[in-house]
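*Asks:* Provide a 3D model corresponding to the input given below.
(one chain, ligands or ions: 3)
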Amino acid sequence: MAAHEVAPADSGDDQSGSNTGSGSGTHGNGSGSGSGSGTSTMPPPAHVPLLLSEISLGPAGHEFVELVNPTGFAVPLYDLYLSDNGNYFKLPAGSTTLTSGDFIVKFPDNDIVPAHGVVTVAVDTSAAFNTAFGANPTYSIADANLTVVTSQSPSLTDTGEVIVLFQWDGTSPLVRDVDIMIAGVPTAGNTIVSKSGYSQLTNSYKHDAMSIAAQASAPAAGKSTKRIMLETGHEAQSGTGNGVEGDDETSEATGTTWDTTAAFSAPTPGQVPSALLQ
Ligand SMILES: [Ca+2]
Ligand SMILES: [Ca+2]
Ligand SMILES: [Ca+2]
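*Replies:* Ligands and ions are numbered 1, 2, ... in the order given. The predicted structure follows:
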């Protein structure tokens with residue numbers, strides 16, 4: 001009779017459990033035993049809900065960029081890059097010229113950001129970050145536990161930097177923006193560069209609004225700038241921008257969605273306000 005099949009009440013979970021259990025390796029040192037065997041042929045995710053959430057420009061050892069996953073589901077870091085150089089968008093052509101002090105790094109394909117998780121990328125060593133904040137970062141550029149695509153003695157300039165999270169599948173002529181923030185008041189060499197209409201390989205970038213603005217001032221040493229609000233409703237989305245899903249990341253009203261001069265406070269790496277969690 002069919003009841004024989006029912007036997008162990010707990011076996012049903014075992015089958016699905018064996019697939020989900022591999023989500024463990026969220027952090028950089030991982031063995032990469034990750035879930036995705038067929039990663040090299042996977043298309044880049046069409047939806048990347050990750051956001052920049054905090055930027056600490058200094059002093060040395062205290063420099064980091066934080067990302068948050070606002071959603072209640074895990075998000076892969078597949079095909080995602082981070083840069084502090086406005087020419088990041090030339091990466092597919094191999095012609096990215098970094099000025100001294102800048103970097104482009106790529107996250108490990110098999111790593112994920114857990115639901116409501118936070119990732120920190122330290123510019124200096126994990127040891128220096130630990131000395132500053134009492135915990136290790138998720139990744140360290142100096143320790144190269146993520147892929148350092150190119151760098152020139154990377155640092156975050158205290159007066160200001162553009163920070164860009166972007167997606168590239170390794171073969172497309174163009175990258176796609178995920179989130180952009182101009183922290184502090186960067187010099188021309190450290191800030192965003194318009195890619196409107198820029199022709200590269202077999203395609204051209206669409207129009208960038210470029211209405212994102214520098215802050216009124218840079219956070220003082222020992223303070224950072226932090227996202228306080230989600231971007232929805234504060235940037236052009238689902239349009240014809242250069243971002244994932246047609247968003248225009250150069251249009252975010254970061255004067256509203258990030259803190260400002262009077263509110264700059266001590267860094268909180270690994271922690272975000274609950275307003276950022278959906
Ligand atoms: Ca820099
Ligand atoms: Ca944005
Ligand atoms: Ca934080």
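
*Asks:* who in this protein is up against ligand 3?
*Replies:* 54, 66, 268, 271 (C-beta under 5 Å from the ion). Bear in mind the C-beta positions are built from the backbone N, C-alpha and C, glycine included.

*Asks:* what distance do you get for the third one to ligand 2?
*Replies:* It refers to Thr268. 20 Å (C-beta to the ion, to the nearest Å).

*Asks:* who are the contact partners of that residue?
*Replies:* 54, 224, 226 (C-beta atoms under 8 Å, 6 or more residues apart in numbering).

*Asks:* which strand residues bridge the first one?
*Replies:* With DSSP bridges as the criterion, the beta-bridge partners of Glu54 are Glu66, Lys226.

*Asks:* so how far is ligand 3 from the closest residue to ligand 1 within the chain?
*Replies:* Per C-beta to the ion, Gly101 is where the chain lies closest to ligand 1, at 3.9 Å. Distance from Gly101 to ligand 3, counting by C-beta to the ion: 23 Å.

*Asks:* so what's the residue count around that residue?
*Replies:* Gly101 sits with 18 neighbouring residues when counted by other C-beta atoms under 10 Å.

*Asks:* wait, it sits on Asp158?
*Replies:* No - at 11.1 Å, Gly101 and Asp158 do not qualify as touching, with contact defined as C-beta atoms under 8 Å.

*Asks:* pretty sure the residue of the chain closest to ligand 1 belongs to a helix, no?
*Replies:* No - counting by DSSP: H, G, I helix; E, B strand; the rest coil, Gly101 is not found in a helix; it is coil.

*Asks:* give the contact list for it.
*Replies:* 84, 152-155, 157.

*Asks:* near ligand 2, which residues of the stretch 101-250 of the chain show up?
*Replies:* Residues of the stretch 101-250 of the chain lying near ligand 2 (C-beta under 5 Å from the ion): 179, 231, 249.

*Asks:* so what sits against both of Gly101 and Asp158?
*Replies:* By C-beta under 8 Å, 6+ apart, no residue touches both Gly101 and Asp158.

*Asks:* ok, which stretches of the chain are strands?
*Replies:* Assigned strands in the chain, in chain order: 51-56, 64-68, 75-76, 80-83, 103-106, 112-113, 118-122, 139-140, 147-151, 160-167, 176-184, 199-200, 203-204, 225-226 (criterion: DSSP state E).

*Asks:* with mean pLDDT and mean neighbour count added, can I get these in TSV?
*Replies:* Formatted as TSV, those follow (pLDDT from 0 to 100; neighbours: other C-beta atoms under 10 Å):
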stretch	mean pLDDT	mean neighbour count
strand 51-56	98	26
strand 64-68	98	27
strand 75-76	96	22
strand 80-83	98	25
strand 103-106	96	22
strand 112-113	97	23
strand 118-122	98	25
strand 139-140	98	26
strand 147-151	87	16
strand 160-167	98	24
strand 176-184	98	25
strand 199-200	96	14
strand 203-204	98	12
strand 225-226	98	26
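
*Asks:* and those as JSON lines, adding distance to Ala93?
*Replies:* Listed next are these as JSON lines, based on distance: least, C-beta to C-beta, whole Å:
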{"stretch": "strand 51-56", "distance to Ala93": "25"}
{"stretch": "strand 64-68", "distance to Ala93": "25"}
{"stretch": "strand 75-76", "distance to Ala93": "26"}
{"stretch": "strand 80-83", "distance to Ala93": "15"}
{"stretch": "strand 103-106", "distance to Ala93": "13"}
{"stretch": "strand 112-113", "distance to Ala93": "29"}
{"stretch": "strand 118-122", "distance to Ala93": "25"}
{"stretch": "strand 139-140", "distance to Ala93": "26"}
{"stretch": "strand 147-151", "distance to Ala93": "13"}
{"stretch": "strand 160-167", "distance to Ala93": "14"}
{"stretch": "strand 176-184", "distance to Ala93": "15"}
{"stretch": "strand 199-200", "distance to Ala93": "5"}
{"stretch": "strand 203-204", "distance to Ala93": "11"}
{"stretch": "strand 225-226", "distance to Ala93": "31"}
